[in-house]
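**Q** the sequence isn't on hand, but the structure is:
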Ligand code: HEC
C-alpha cells in the first residue's frame with residue numbers, strides 16, 4: 001500500500017511539475033518571439049530613424065535603452081515643424097487595443113509615414129506595442145509642433161514646398 005502511494009504521489013508530482021514548468025516556458029518563448037518580432041519591425045520599419053535621437057546620423061549606433069524616446073530634431077516644411085514623439089512614453093498611456101485602434105486610424109503631418117503604419121497586420125502591431133512597452137518608459141516628451149509662420153529653433157531639416 002505504502003509503495004503504491006509513493007508511486008502515485010511520484011507520478012502526480014511529476015505531472016504537476018511538468019505542467020507547471022511547461023506553461024511558463026511556452027509562454028516565455030511566445031513572449032520572446034513577439035519581442036524579437038517587435039524589435040525587428042521597429043528597425044526595419046524605420047521607426048528609429050526618426051523616433052530615436054541621433055539614430056540616422058550615427059548609422060544606427062544608439063543604445064537600445066534610448067530607442068523610440070523621440071527627438072528634438074525638427075522637420076520643417078509647408079506644414080510647419082514637426083518632431084517625432086516619444087513612443088516609449090506614449091505606449092504607457094495606451095492599452096494594447098487602444099494602440100491597435102490608434103495605429104490603424106492614425107493620420108499625422110509629414111514626414112510620419114502613417115499610411116504605412118495603417119496597413120500593418122494585427123500581429124505586427126501587437127509586436128511593436130509589446131516591444132516598446134517592454135523597453136519601458138524613458139526620456140522626455142518631444143518638443144511641441146511649431147506652426148508654419150513661426151521660426152523653429154535649430155536643428156531642423158527644411159523641406160522644399162511641394163510643386164504647385
Ligand atoms: C521619417 C520620419 C518618421 C518615421 C520613419 C516614423 N515616424 Fe512616427 N512620427 C514622425 C513625426 C515627425 C511625427 C509627428 C507628426 C505630427 O506632429 O503631426 C510622428 C508621429 C507618430 C505617431 C503619433 C504619436 C502621437 O502621440 O500622436 C506614432 C504612433 C508614430 N509616429 C509611430 C511610428 C512608428 C511605429 C514608426 C515605424 C513603423 C514610425 N512612427 C516611423 C516621424 C516618423
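**A** That came in fine, so what should we check first? Quantities reported herein were computed from a predicted structural model and do not represent experimental measurements.

**Q** find the nearest non-adjacent residue to the most centrally placed residue in the chain, please.
**A** Here the mean C-alpha position of the chain is nearest to the C-alpha of residue 132 (Cα atoms, centre = their mean), at a distance of 3.4 Å. Computed as Cβ to Cβ, 6 or more residues apart in numbering, the closest residue to residue 132 that is not its neighbour in sequence is residue 91, at 4.6 Å. (Each C-beta comes from the backbone N, C-alpha and C, glycine too.)

**Q** what comes up buried for whichever strand or helix holds the one you found?
**A** According to DSSP states H and E, residue 91 maps onto helix 87-92. Residues 87-91 are the ones in helix 87-92 that count as buried (16 or more other Cβ atoms under 10 Å).

**Q** turn these into a markdown table, including pLDDT.
**A** A markdown table is the format used below for the buried residues of helix 87-92 (pLDDT from 0 to 100):
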| residue | pLDDT |
| --- | --- |
| 87 | 98 |
| 88 | 98 |
| 89 | 98 |
| 90 | 98 |
| 91 | 98 |
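
**Q** which of the residues you listed lies closest to the ligand?
**A** Nearest to the ligand, judged by Cβ to the nearest ligand atom, of the buried residues of helix 87-92 is residue 90 at 4.9 Å.

**Q** wait, the residue nearest to residue 132 sits on residue 133?
**A** Yes - if you go by Cβ atoms under 8 Å, residue 91 and residue 133 touch, sitting 5.1 Å apart.

**Q** where does the protein dip in pLDDT?
**A** Applying pLDDT under 70 to the chain picks out residues 1-28, 163-164.

**Q** neighbours of residue 146, how many?
**A** By other Cβ atoms under 10 Å, 17 other residues sit near residue 146.

**Q** that one bridge partners, please.
**A** residue 81 (DSSP bridges).

**Q** which residues touch it?
**A** 74, 76, 80-81, 152 (Cβ atoms under 8 Å, 6 or more residues apart in numbering).

**Q** perfect, I'm done here.
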